[in-house]
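Engineer: Just need the structure, nothing else, for what follows:
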Amino acid sequence: MDEVVAEIRRVLREELSLEREVRPADDLVADLQLDSLGLVTLVVGLEDRFRVILSEEDAARVRTVADLAALVLERRAC
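Structural biologist: Numbering: from 1, shown residues only. Take a look at the predicted model:
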C-alpha cells in the first residue's frame, strides 16, 4: 500500500500543486479540498501509473487516501 500512497502524494503534489502533508487518513474532499476536477485528475494519474480502471461506482465509495490506495490494490489484483 505504501507504493500507492506515495503515488497519490506525487500526483497531488505535481499535478494538483498540493503543498501540505498527505496522510492515509486524510479525507480527499474535506481535508485535501479536492473538487471534482481534482478527483478526476488524481484517478486518471493512478489509472495511468498502475494500469487499472476505476469506475465512477468505485470512486463513489472512496473517501480517504487509504480507501483510494486499497481500491487501486484491489483492482491491480484482478
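Engineer: Go through the helix or strand of the chain with the lowest mean pLDDT and flag the buried ones.
Structural biologist: When the helices and strands of the chain are scored by mean pLDDT, DSSP states H and E, helix 56-60 comes last with a mean of 86. Under the neighbour-count criterion of 16 or more other C-beta atoms under 10 Å, helix 56-60 has D58 buried. The C-beta positions use only the backbone N, C-alpha and C, and glycine is treated the same way.
Engineer: Next secondary structure element downstream of it?
Structural biologist: Once helix 56-60 ends, the next helix or strand along the chain (criterion: DSSP states H and E) is helix 65-77.
Engineer: and that following helix, what's its mean pLDDT?
Structural biologist: Averaging pLDDT along helix 65-77 gives 95.
Engineer: that older thread, let's see the least confident helix or strand of the chain as CSV, backbone CA atoms only.
Structural biologist: Taking C-alpha atoms only, helix 56-60 is exported to CSV below (Å, rounded to 0.1, in the frame of the first residue of the first chain):
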residue,chain,number,x,y,z
GLU,A,56,-17.5,6.0,-11.1
GLU,A,57,-19.0,3.5,-8.8
ASP,A,58,-15.6,2.7,-7.4
ALA,A,59,-14.9,6.4,-6.9
ALA,A,60,-18.2,7.0,-5.1
